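Undergrad: What follows is a predicted protein model with its sequence.
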Amino acid sequence: MNKATLYRTAQGWMMRHSGPWAAEVRALFGMDTLPTPFTAQAGAATVLAKIQRLNPEAFIKVTP
């Protein structure tokens, strides 16, 4: 199962991929963690809802 963990940095929200799609993300970008288009001011619930909507096949969670 594809999984991702969202976390906030001072620059914005990041998404760490795990599961089968992590290998593809690493092959394409050289890492498994990529920035999202959300700034650090965006609320966790908003970010989670949008990322889940865009990735319905994956389990997405937010870490504090």
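TA: Looks like it arrived, so ask away.

Undergrad: Report the contact partners of Gln11.
TA: 35, 40 (Cβ atoms under 8 Å, 6 or more residues apart in numbering). All C-beta spots, glycine's among them, are computed from the backbone N, C-alpha and C.

Undergrad: Can you classify it by secondary structure?
TA: coil (DSSP: H, G, I helix; E, B strand; the rest coil).

Undergrad: i'd like the first residue to be 380 from this point on
TA: Got it, the first residue is 380 from now on, which makes the last one we talked about Gln390.

Undergrad: Next secondary structure after the helix or strand bottoming out on mean pLDDT in the chain?
TA: Here the helix or strand of the chain ranked lowest by mean pLDDT, DSSP states H and E is helix 399-408, holding a mean of 96. On the C-terminal side of helix 399-408, the nearest following helix or strand under DSSP states H and E is strand 412-414.

Undergrad: any residues touching that next one, and which ones?
TA: Applying Cβ under 8 Å, 6+ apart, the contact partners of strand 412-414 are 390-396, 404.
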